[in-house]
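**Student:** here is a sequence together with a model predicted from it:
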Amino acid sequence: MDFRQVGDLLGAERRAKDPRFADLAVRSAFGRYYYAAFHLVRSTLRTMDPALDQPKHDQIPGHLRRMVLRKIYRQIDRQRMQDVLTSQVAKALRVEAKISVNKLADFFEFARPIRTAADYDLHISVESVRTDPTLIGVSLAEAKGWPTHVEEKLNSVRRLCQKIRLVR
C-alpha cells in the first residue's frame with residue numbers, strides 16, 4: 001500500500017457518521033496525496049544522485065531550482081564542451097530543463113500550504129466534507145490527482161536526463 005491508496009481510503013471516510021472524524025479523515029487524505037507526490041520526487045532525485053535526496057518539504061522548490069537544475073545544466077555543459085551537443089541543442093535543453101523543473105517546484109509551492117493547512121490549521125474549514133471536500137479552494141478530487149500530476153512532470157525531467165545521459 002502506498003500514500004495514494006491511504007489517501008483514497010481516508011477520502012472515503014468523508015461519509016462517516018461523526019462529522020469530526022470525517023473532517024479529520026479528509027484532512028489526512030490531503031496530506032497523503034501530498035506525501036505521495038513528495039516521495040515520487042525524492043525517489044527520482046535519488047536515481048539522479050543520492051546526494052540530491054535530502055530536501056525537507058519547505059526546501060523542495062528551492063532545492064529543485066538550485067541543486068537539481070544546476071546538476072542538469074552542468075551535464076548539458078559537459079556534453080556541449082565534448083561536442084556531443086550543438087550550442088543550439090544545448091540551449092534548447094537548458095530551456096526545457098528550466099521549464100520542467102520549475103513546473104515541479106511551482107507545484108510544491110502551491111500544494112505545501114494546503115497540506116500544512118490540512119495538518120496544522122484546524123481553524124481553516126474543510127467545505128462540503130461529505131460530498132466534494134474542499135480545503136482552501138482545492139477539492140479532494142484535485143488533490144487525488146497530485147501524484148499523477150507530479151509523475152507526469154517527473155517523466156519530462158527523466159526523459160531530459162536520459163537525453164543528456166545524466167541517468168539511464
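**Tutor:** Received, thanks.
**Student:** could you give the mean pLDDT of stretch 82-96?
**Tutor:** Mean per-residue pLDDT for stretch 82-96: 96.
**Student:** now that stretch, how far from the centre of its chain.
**Tutor:** 27 Å (CA atoms, centre = their mean, to the nearest Å).
**Student:** same question, stretch 80-97
**Tutor:** Per CA atoms, centre = their mean, the centroid offset for stretch 80-97 relative to its chain is 26 Å.
**Student:** neighbouring contacts of that stretch?
**Tutor:** 69, 72-73, 76-77, 79, 156-157, 160, 163-164 (CB atoms under 8 Å, 6 or more residues apart in numbering). C-beta: built from backbone N, CA, C; applies to glycine.
**Student:** check contacts around Gly7.
**Tutor:** Counted by CB under 8 Å, 6+ apart, Gly7 has contacts 28-33, 36, 143-144.
**Student:** ok so, going back, just to be sure, which of the contacts of stretch 80-97 are found in helices?
**Tutor:** 69, 72-73, 76-77, 79, 156-157, 160, 163 (DSSP state H).
**Student:** turn those residues into CSV, including neighbour count.
**Tutor:** Shown next, in CSV, are those (neighbours: other CB atoms under 10 Å):
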residue, neighbour count
Leu69, 19
Ile72, 23
Tyr73, 16
Ile76, 24
Asp77, 14
Gln79, 18
Ser156, 16
Val157, 25
Leu160, 21
Lys163, 16
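**Student:** which of the residues you listed sit farthest apart?
**Tutor:** Farthest pair in the ones in helices among the contacts of stretch 80-97 (CB to CB) is Asp77 and Ser156. Separation: 20.1 Å.
**Student:** right, and the pair among the contacts of stretch 80-97 with maximum separation?
**Tutor:** Within the contacts of stretch 80-97, Asp77 and Ser156 form the most distant pair, 20.1 Å apart (CB to CB).
**Student:** and the strands in this structure?
**Tutor:** Along the chain, counting by DSSP state E, strands occupy 134-135, 138-139.
**Student:** pLDDT (mean, whole number) over the last one?
**Tutor:** Regarding strand 138-139, the rounded mean pLDDT is 96.
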